[in-house]
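**Q** Quick one, what's the 3D model for this:
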Amino acid sequence: MNMKVHNKKIALGDIKVGGVQQSSLVLIGDADVISCTSVFDTPKDSLIYSKEVPIRPTTPPAPTRRGQ
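**A** So this is what the prediction gives:
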């Protein structure tokens, strides 16, 4: 495959991004290095600050009757 590239001047005013689903990259112009980063957009009220919940119960379960 033969490819011919003509790099010309790019003038960019604004970029409006409506939303990002999984992963996205907006690249305008040339890039020597692209690094991987993450940003979490989590609202404050969705974070839970409380004591840890035990995985196992702290008291033994009540005995059950057999045959019922």
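**Q** low pLDDT regions in this protein?
**A** Applying pLDDT under 70 to the chain flags residues 22-24, 54, 57-58, 67-68.
**Q** Spatially central residue in it, please.
**A** The centroid of the chain falls nearest to Phe40 when counting by CA atoms, centre = their mean (5.3 Å).
**Q** contacting residues around that residue?
**A** If you count contacts by CB atoms under 8 Å, 6 or more residues apart in numbering, Phe40 has none. For glycine as for every other residue, the C-beta is placed from the backbone atoms N, C-alpha and C.
**Q** could you say which helix or strand contains it?
**A** Phe40 is part of no helix or strand, with elements assigned from DSSP states H and E.
**Q** how close does it get to Gly19?
**A** Here the distance between Phe40 and Gly19 works out to 15 Å (CB to CB, to the nearest Å).
**Q** Equivalent analysis for Thr64, please.
**A** For Thr64 relative to Gly19 (CB to CB), the value is 52 Å.
**Q** measure the residue nearest to the centre of the chain to Tyr49 for me?
**A** Counting by CB to CB, the gap from Phe40 to Tyr49 is 16 Å.
**Q** One more: Met3?
**A** 54 Å.
**Q** before we move on, what about Ser38?
**A** 22 Å.
**Q** ditto for Cys36
**A** 29 Å.
**Q** can you check Thr37 too?
**A** From Thr37 to Tyr49 the distance is 26 Å (CB to CB).
**Q** Equivalent analysis for Thr64, please.
**A** Distance from Thr64 to Tyr49, by CB to CB: 37 Å.
**Q** Kindly report the same for Val20.
**A** Applying CB to CB to Val20 and Tyr49 gives a distance of 27 Å.
**Q** Among those two, which residue is more densely surrounded?
**A** Val20 (10 against 4; other CB atoms under 10 Å).
**Q** Buried residues, stretch 10-29. List them.
**A** Residues of stretch 10-29 include none that count as buried (16 or more other CB atoms under 10 Å).
**Q** Done for today, thanks.
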